[in-house]
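Participant: Quick one, fold the following:
(one chain, ligands or ions: 1)
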Amino acid sequence: MSDVQSGILAAVPATGRYLGFSAKPQGDMRAALRSLSELADGQRLVVGLGESLLRALGRDIPGLRSFAGAVGPGLELPSTPAALWCWLRGEDRGDLVHLTRSVQAAVGSAMALDQVIEAFRHGAGLDLSGYEDGTENPSGDAAAKAAFVAGQGAGLDGGSFVAVQQWQHDFGRFDAMSPHEQDQAIGRRRSDNLELDDAPASAHVKRTAQESFEPEAFMLRRSMPWAEGQRAGLVFVAFGKSFDAFEVQLQRMIGAEDGITDALFRFTRPLTGAYFWCPPLRDGRLDLRALGL
Ligand code: HEM
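Facilitator: Okay, the predicted model is just below:
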């Protein structure tokens, strides 16, 4: 297998930070990306490049597009594109503060840091609703097969397409649901994570059951809870060999097939939505050959 950004395959870290950058007018994107490629080891710093950045370079990566946003009955899922996405991963928040400064030093002349989201692991990988997140993720070879491009040639193989959405939970609404309603909304029992056979069609895991799609829609979810003051939720992050699995799941969640919307929307909504291409690695750095760098 080609070298990949290994943080994508690794377990979710204790602490994380998401950085979103926009392109500055007349910024030297090539110089910025060259500096960034030295810093980005793919392990403590996972990097994704947005369509606007690739266009500024006059390049195109097959399969990369921007998230178009989506609308369902009473649901608006915004599209909030960015030029550059960084996922900082670690065990110590202070390290991530300093890593943020290093990233800014590398790209700051060409890109502006617009968004910083502080994220963390909750318990043994729980969403803030208390439900375990990631249970049905593929593992081992299946994880790599779901998450990374293969068979497209050097510079592309080992790359990944990531969909990112910051969801904000409404805990008042969640608490107003009975424990039974909450379990039925997810389709799993919070107490022991057992999948509920009698869950309704609106249950989240019924909507998104990966093997229920044709073709099967497997992807690698690496989401983390976030909090800022009194606001909190989940940064949903899904890596795929393409955006197809994410898109078909999202369509089903918003009721595009059968008018049934995902019960998750009873207590949470996405504030953002964006797509990025995560380049492969080569000799421990980002492999930017596909961009002529
Ligand atoms: C705030 C937003 C979300 C929360 C709190 C959430 C939570 C969960 C939980 C608790 C599970 C069950 C355990 C597991 O297998 O991981 C799950 C499963 C899953 N979720 Fe989400 N999720 C969210 C958004 C999304 C979105 C936006 C998608 C895709 C568009 C998605 C796709 C999936 C998939 C594919 C599964 C596994 C289904 C299966 O094959 O059994 N989730 N999610």
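
Participant: what is the mean pLDDT for stretch 177-193?
Facilitator: Stretch 177-193 comes out with an average pLDDT of 98.

Participant: residues contacting the residue nearest the centre of the chain?
Facilitator: Geometric centre of the chain, nearest residue: residue 237, 1.8 Å, by CA atoms, centre = their mean. Each residue near residue 237 by CB atoms under 8 Å, 6 or more residues apart in numbering is listed here: 87, 162-164, 221-224. C-beta: built from backbone N, CA, C; applies to glycine.

Participant: what do you get if the cut-off is 10 Å, keeping everything else the same?
Facilitator: Shown in contact with residue 237 (CB atoms under 10 Å, 6 or more residues apart in numbering): 8, 12, 16, 18, 46, 48, 85, 87, 119, 162-166, 220-224.

Participant: Make a PyMOL selection of whichever of those turn out to be buried.
Facilitator: Burial among these is assessed by 16 or more other CB atoms under 10 Å; the matching PyMOL selection reads:
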select buried, resi 8+12+16+18+46+48+85+87+119+162+163+164+165+166+220+221+222+223+224
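
Participant: which among the contacts of residue 237 are in contact with the ligand?
Facilitator: Restricting the contacts of residue 237 to those near the ligand by CB under 6 Å from any ligand atom leaves residue 165.

Participant: ok so the residue nearest to the centre of the chain is a helix residue?
Facilitator: No - Residue 237: not assigned to a helix; according to DSSP: H, G, I helix; E, B strand; the rest coil it is strand.

Participant: What residues are bridge-paired with it?
Facilitator: Taking DSSP bridges as the rule, residue 237 bridges to residue 164.

Participant: of all the residues in the stretch 151-293 of the chain, which ones are close to the ligand?
Facilitator: 165, 167, 186, 188, 204-205, 208-210, 234, 236, 246, 249-250, 253, 264, 268.

Participant: Those in helices, which ones?
Facilitator: With DSSP state H as the criterion, helices contain 186, 204-205, 208, 246, 249-250, 253 from among these.

Participant: Go through these and name the one nearest residue 78.
Facilitator: residue 250 (12.6 Å; CB to CB).

Participant: Quickly note the distance from the nearest residue to the closest one once chain neighbours are set aside to residue 226.
Facilitator: Closest residue to residue 250 apart from its sequence neighbours, by CB to CB, 6 or more residues apart in numbering: residue 70 at 6.1 Å. Residue 70 sits 21 Å away from residue 226, going by CB to CB, to the nearest Å.
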